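Chemist: with the input below, show me the fold.
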Amino acid sequence: MTFCLGITVEEGLVGIADTRITAGNEMTTAQKLSTYETGSGALFFMTSGLRSVRDKVVTYFEECLETCAPPDKIYKAVNTLAGIIRRVAKEDKEYLDESGLTFNIHVLVGGQFAGDSIHRLYLIYPQGNWVEIAPGTPYHIIGETGYGKPVLDRTLKHADSINFALKVGCLAFDSTRISAAGVDFPLDVVVYSKGTFSLVEHRFEKSDLEHISLWWQERLRESVGALPSEWIERIAAKLSPVGRKLACRAEDGDALSRRS
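Modeler: Numbering: from 1, shown residues only. Model (predicted):
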């Protein structure tokens, strides 16, 4: 499983990606975050899905960057990636289907080029169609989506600072890592500040953020303990014994014995 989170706020973009590929008896890790800077801008993307599909898409995309004129707007780079996904689907989908595998890749793409008035974040689907992540819900997760959403939905706003977005994003990753065996460190983080046309990134190990995880867990327990108890006592008082009880009917048991 995968946890890749893209966040867009007024100040810029945040990308967070775990590196776990397989868990259990054979544990492997690999990078899911790719970063690029050209003379006219910067972009990053993160992927979930089949590793073989990602590797082929990345290879074709980097070849395109080396041989074609750089895009002047981020959506054009997104269109290029989408076209490459469709090309890889034509090459590999039939053979994957024959092997019982599903052609699957989701891509979060963020960045800004000289022709863009502002930074943007996109989601590309396996079919090559895409949507832009809007300020109303200023984030998107691909891979293991469920465990990180509550803290993001409760706290994150588009007007928040990049540091706040990074803080909440790391907590969303921690919530997912605690509950999903297929998501874990090392953690790749990339940040884009609007108008800079450059990226900063870093890989974090468990030891780098473990104290934050413990702090967060202790505060959650303290918060639950500090909640007033009157309301839960009223709820508990309304609970009553269940009305439906199951009982063995002796006559049915005797009838079954006679038939057998």
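Chemist: would you list every one of the helices in the protein?
Modeler: Taking DSSP state H, the helices of the chain run over residues 51-67, 74-98, 149-155, 162-179, 206-226, 230-238, 250-259.
Chemist: list the helices and strands the first one packs on?
Modeler: Helix 51-67 sits against strand 33-38, helix 74-98, strand 105-113, with contacts defined as 3 or more CB pairs under 8 Å, 6 or more residues apart in numbering; DSSP states H and E. Placement of C-beta: from N, CA and C, glycine included.
Chemist: how does it look with 6 Å?
Modeler: In this structure, helix 51-67 makes packing contacts with helix 74-98, judged by 3 or more CB pairs under 6 Å, 6 or more residues apart in numbering; DSSP states H and E.
Chemist: can you check the shortest one too?
Modeler: Here helix 149-155 is seen to pack against helix 162-179 when contacts are counted using 3+ CB pairs under 6 Å, 6+ apart.
Chemist: next, the angle from the helix it packs on to helix 206-226.
Modeler: When axes from the mean of the first three to the mean of the last three CA atoms, to 10 degrees is applied, the directions of helix 162-179 and helix 206-226 differ by 90 degrees.
Chemist: for Ser240, grab the count of nearby residues.
Modeler: The tally of other residues near Ser240 (other CB atoms under 10 Å) stands at 6.
Chemist: let me fix that, I meant to ask about Leu171.
Modeler: Close neighbours of Leu171, defined as other CB under 10 Å, add up to 18.
Chemist: OK, contacts around it?
Modeler: Contacts here follow CB atoms under 6 Å, 6 or more residues apart in numbering; on that basis Leu171 touches Val151.
Chemist: any idea how far it is from Arg54?
Modeler: Using CB to CB, to the nearest Å, one gets 26 Å for the distance from Leu171 to Arg54.
Chemist: and Val191, by the same measure?
Modeler: Between Val191 and Arg54 the distance, using CB to CB, works out to 22 Å.
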